[in-house]
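J.: Got a predicted model here, sequence first, then my questions.
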Amino acid sequence: MRITSLGHAGLLLETAAGRIVCDPWFTPAFYGSWIPFPDNSGFDPGQFADAEYLYISHLHRDHFDAKFLREHMSKDTTVLLPDHPVPELRDELRLLGFWNFVQTRNNEVVELDGGLRILTNALIKATKSPVGDSGLVVDDGRVRIYNQNDSRPVETVPIAQLGPLHGHFVQFTGANWYPMVYDFANDEMADIGRRKRANGMSRAVSYIEHYGAAQIFPFAGPACFLDDDLFDLNDLADDDTNVFPDQFAFLRFMRERGHEHGHVFLPGTVVTLAPDGTAEVEQVPESEIARIRNDRRSYLMDYKRKVQPLIDAGKAALPSDRSDLLGQLREWVEPLLAIADNICAKVNGHVLLEVVDGDSCEQIVFDFLDRRVARYAGEEWRDRFRVARPLIEDLVRRRVEDWANGLFLSCRFEASRRDGYNEFVYTFFQCLSLERMTFVESCFKETADIKDFARVGDQVIQRKCPHMDADLVDFGTVDDGVLTCQMHGWEFDLATGTCLVGDDRRLVSRPLRTDAEGAAADAALPSIDDGKGAQ
């Protein structure tokens, strides 16, 4: 199997049974904030535009490049659809002219023409949004690869059952706006960034160890930030507090943990994987690699000069006039608040939106107590967002149902919070449609009966992380009485179950039982290493 990096999460998979194009991204995304890194603009789309198959993992604009797909990809290609619970990805692709779809089922093998076998695993969780990330396994009968993409599967068994992987394409740096947009003190900002960077790379290594592929290729990030307002978000000097480490930092992180089978995988890198697990890598010129790695600022400044006209054109296309934002938000959002029983209960407060227009500022409050949108009248808020008016005008006029896939990932806003992190605030702003809100609310009808537990030290805890159901036997680590789920870095005090990174989750935790029957039952539970060598 021959695999070419198209940049970021873009792949061209060439097999005897056909070619698969995955997540081609070439157009600046999230209001021009995100640019593919390194530069991938040199590709001739004609090399792969007529591929037999197209796979788009999810709708985030660094994966779903509508402009490129509309202008370049053949509409007769067969689209491999992940098993998302709402049909938004299919609908968007239909609008672009695609018509031939293979609907996969989560964690089920699909056989395509020519003996090609695929499996998709979509991460569907209410707090992730109804169109969560997905990954793709491709097996051509001789070589098997896993394009993990942005997905963070909570089950490793379905993929492992397909057999040993020859190649694993793994994301190591996530899509973030935290902590950069928050008004934290410098020391707190640095501490959060350091932990977030380390957690992201540790999580990727955990997946590498779980799947045990013969060859590892880090990809799917980071993007770069070339607009003047955001340029400092780039990791220009291998800063351990920057949440966007590059491939070179991650490969070093892998080596430090005993993994020597990782490869630099930049736009234009071509890998040929053999059935015996070996890899032949045709690399881009070493001079280019050296400049990207060692002369980052100069490289990005040259890149910026090339891309700035696109960024400027995107800004110029934003609304420049004023509309009745409050009236539009009331009409749009209040019907959603009316059915958002669980979200409103979880937020349990007010969110303040400050719409900045030159020297003026319009203040609008989202009231999750009385379920209304109103002019701000001094209510105590738990979260505050401060955003330039053209961005809000654009979101409201287009009824953008997922503000993460636009505003939040753009990092073009400022945020404050008075209480701990409450992800239900962000869940709400990712579900601004009747279809999405209905789905999310149905997911929140949780049972109080937790049936799966694990043992760690002298405690028994629920086995699935209360954040996104990751199996803590696989993804939990313990240090000084604190359990960390490596999937997203959520931390819990083992003794009390208290969540240390937010106020909307709790881990069920109790001491080991001492009676004979209870002790025997607890001893039989699967265990998590408590860091003291005891399991």
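T.: Received it, and whenever you're ready, just let me know what you need.

J.: where does this structure dip in pLDDT?
T.: Flagging of the chain using pLDDT under 70 yields the residue ranges 124-131, 445-450, 502-505, 514, 531-535.

J.: Give the buried residues for stretch 395-415.
T.: Buried residues in stretch 395-415, counted by 16 or more other CB atoms under 10 Å: 395-396, 400-413, 415. Backbone N, C-alpha and C define where each C-beta goes, glycine included.

J.: swap in stretch 132-145?
T.: For stretch 132-145, the neighbour count (16+ other CB under 10 Å) marks 132, 133, 134, 135, 136, 137, 138, 139, 140, 143, 144, 145 as buried.

J.: what does stretch 520-534 give?
T.: If you call a residue buried by 16+ other CB under 10 Å, then stretch 520-534 has these buried ones: 522, 525, 528, 530.

J.: Provide the contact partners of it at residue level.
T.: 453-457, 460-461, 463, 472-473, 476-480, 483, 512-513, 535 (CB atoms under 8 Å, 6 or more residues apart in numbering).

J.: Let's see that with 6 Å instead.
T.: With contact meaning CB atoms under 6 Å, 6 or more residues apart in numbering, stretch 520-534 is reached by 453-457, 460, 472-473, 476, 478-479, 512-513, 535.

J.: quick one: which of those residues has the most company?
T.: Counting neighbours by other CB atoms under 10 Å, residue 472 leads those with 28 neighbours.

J.: For that residue, list the residues it contacts.
T.: 454, 463, 465, 528.

J.: which residue ranges form the strands in the stretch 101-250 of the chain?
T.: Taking DSSP state E, counting those that start in this stretch as the criterion, the stretch 101-250 of the chain contains strands spanning 110-111, 117-122, 134-139, 144-149, 167-171, 215-219.

J.: thinking again about what came up before, can you redo the buried residues of stretch 520-534 as CSV with secondary structure?
T.: Formatted as CSV, the buried residues of stretch 520-534 follow (DSSP: H, G, I helix; E, B strand; the rest coil):
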residue, secondary structure
522, helix
525, coil
528, coil
530, coil
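
J.: Which of those sits closest to residue 114?
T.: residue 528 (43.4 Å; CB to CB).

J.: That closest one: what's its closest spatial neighbour, skipping adjacent residues?
T.: Leaving aside its chain neighbours, residue 528 sits nearest to residue 456 (4.1 Å; criterion: CB to CB, 6 or more residues apart in numbering).

J.: ok, now residue 248?
T.: residue 293 (5.1 Å).

J.: orientation of the helix ranked longest in the chain relative to strand 134-139 in degrees?
T.: Determined from DSSP state H, the single longest helix within the chain is helix 186-211. In terms of direction (axes from the mean of the first three to the mean of the last three CA atoms, to 10 degrees), helix 186-211 departs from strand 134-139 by 30 degrees.

J.: show me what contacts the residue nearest to residue 528?
T.: By CB under 6 Å, 6+ apart, the residues touching residue 456 are 478, 528, 530.

J.: how near is it to residue 199?
T.: Counting by CB to CB, to the nearest Å, the separation of residue 456 from residue 199 is 19 Å.

J.: Please enumerate the helices of the stretch 51-200 of the chain.
T.: Assigned by DSSP state H, counting those that start in this stretch, the stretch 51-200 of the chain shows helices spanning 66-72, 88-95, 157-160, 186-211.

J.: what do you get for the stretch 401-535 of the chain?
T.: Along the stretch 401-535 of the chain, counting by DSSP H, counting those that start in this stretch, helices occupy 409-410, 423-429, 434-443, 472-475, 516-523.

J.: right, so of those, which gets closest to residue 230?
T.: Comparing the helices of the stretch 401-535 of the chain by their distance to residue 230 (CB to CB), the top pick is helix 409-410, with 8.5 Å.

J.: quick revisit: which one of the contacts of residue 456 is nearest residue 440?
T.: Taking CB to CB as the measure, residue 528 is the one of the contacts of residue 456 closest to residue 440, at 29.9 Å.
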